[in-house]
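Peer 1: have a look; sequence and predicted model below, questions after that.
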Amino acid sequence: MKRDWWKWLLGIWMTVMILGAFLYTPVAKGLGQTTRVLYFHVPSAWVATLSFFISALYSIRYLQKQNIVYDIWAASSAQIGFMFTVLATVTGSIWAKEIWQSYWNWDPRETSIFVLLLIYAAYFALRSAIEEKNQKARLAAVYSILAFVTVPFLVFVIPRIYDSLHPDPLINPERKIKMDPRMLQVFLGSLFGFTVLFYWILRIKTEIEFLKLKLSKRM
Amino acid sequence: MWHIIGMYMLNVLGMLMQPETKPVGQNIYVVLAVTLIVWLGVFFFLIYLDRQLKQVKQKVEWQEGEEKK
């Protein structure tokens, strides 16, 4: 119980953030009530990017040390990243229906997240296609690093090169945060909460995989 | 006079036949849907992980019991 204090704190923190998103923050011009989507959709996308980054880091570590533990961390992180990418895509699509009158219209932002989903779906296909553990880990590590190279382009570069209907990103070309201070407080709070949530899920996921490894070694 | 009334009637008819336009971005249910999808997504993923963890722990315990025998 004592060790779990931060989980309870996270629960309270996220409750405050949800209440803040609905009751404290103003709405942005032109977006109306759907502005509030920002506090859930963007952190999902952020966690997805962070997960893929961590997956790539552990993949590099695996290639350096050849320790299967690093492969477990990399695969678990990529799995969580994939789940959050799906969440960001679905929530973005619902928002698009309200604002753009269509669930999907191949906007640069939509296209790039779709390509990202395909790239990481291929990562899991690759993992499930190879039986031998070390070979699987080695190939998956190389693929994960290569896959992450595309992430900055797909998430940050391509949507800025082509004309997009997507609202301005937080870090815009003028390098100014165009956001009401109250909105920024809740937004950053939500980002922090989602990051801790990611850490929690990653810990559970890796614990499962370590136990599975322990089982397979005994058999 | 009749042509003014006729024009007025046409105008009213035209207005009635216009599709109903809702202000964009005022649908709070969209925000509700997004919030619920994110939370249910995370919740079900945690439930799935919790089940996996229980199953693996049971297997480990069973194996440890077998080894003691």
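Peer 2: Yes, it's here.

Peer 1: residue 38: which element?
Peer 2: Here I'm looking at chain A. Assessed by DSSP states H and E, residue A:38 sits inside helix A:38-65.

Peer 1: you looked at the wrong chain, it should be chain B
Peer 2: Secondary structure (DSSP H and E) places residue B:38 in helix B:28-68.

Peer 1: is that helix in proximity to chain A?
Peer 2: Yes. Against chain A, helix B:28-68 shows contacts by CB under 8 Å from any CB of the partner chain at B:28, B:30-31, B:33-35, B:37-38, B:41-42, B:45-46, B:49-50, B:52-53, B:56-57, B:59-60, B:63, B:67. C-beta: built from backbone N, CA, C; applies to glycine.

Peer 1: by mean pLDDT, flag the weakest helix or strand of chain A.
Peer 2: helix A:158-161 (a mean of 77; mean pLDDT, DSSP states H and E).

Peer 1: can you give the distance of the following helix or strand past it from its chain's centre?
Peer 2: Downstream of helix A:158-161, the next assigned helix or strand under DSSP H and E is helix A:181-218. Put simply, helix A:181-218 sits 11 Å off its chain's centre (CA atoms, centre = their mean, to the nearest Å).

Peer 1: so which residues on chain A come close to chain B?
Peer 2: Residues of chain A lying near chain B (CB under 8 Å from any CB): A:18, A:21-22, A:27, A:30-37, A:40-41, A:44, A:83, A:86-87, A:90-91, A:94-95, A:97-99, A:197, A:201, A:204-205, A:207-208, A:211-212, A:214-215, A:218.

Peer 1: which residue does chain B bring closest to chain A?
Peer 2: residue B:25 (2.8 Å; CB to the nearest CB).

Peer 1: does that residue touch residue A:99 like I think?
Peer 2: Yes. Proximity of residue B:25 to residue A:99 meets the contact threshold set by CB atoms under 8 Å, at 5.9 Å.

Peer 1: what is in contact with those two at once?
Peer 2: A:31, A:34 (CB atoms under 8 Å, 6 or more residues apart in numbering or on different chains).

Peer 1: next, the contact list for residue A:79, please.
Peer 2: A:124, A:205.

Peer 1: now residue A:69
Peer 2: Here residue A:69 is in contact with residue A:210 (CB under 8 Å, 6+ apart).

Peer 1: can you pull out the low-pLDDT segments for chain B?
Peer 2: B:1-4, B:7-8, B:10, B:12-24 (pLDDT under 70).

Peer 1: tell me, what residue is most central in it?
Peer 2: residue B:33 (3.1 Å; CA atoms, centre = their mean).

Peer 1: how about chain A?
Peer 2: residue A:48 (1.1 Å).

Peer 1: thought that residue was touching residue A:88?
Peer 2: Yes. Assessed by CB under 8 Å, residue A:48 is found in contact with residue A:88 at 5.9 Å.

Peer 1: what helices and strands are in contact with the helix holding residue B:38?
Peer 2: Secondary-structure packing of helix B:28-68 (3 or more CB pairs under 8 Å, 6 or more residues apart in numbering or on different chains; DSSP states H and E): helix A:38-65, helix A:68-99, helix A:181-218.

Peer 1: need those helices in TSV with mean pLDDT, can you?
Peer 2: Below are the helices and strands packed on helix B:28-68 laid out as TSV (pLDDT from 0 to 100):
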stretch	mean pLDDT
helix A:38-65	95
helix A:68-99	94
helix A:181-218	91
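
Peer 1: which one of the ones you listed lies nearest to residue A:107?
Peer 2: helix A:68-99 (7.5 Å; CB to CB).

Peer 1: buried residues, the closest one. List them.
Peer 2: Buried residues in helix A:68-99, defined by neighbour count with 16 or more other CB atoms under 10 Å in any protein chain shown: A:70-99.
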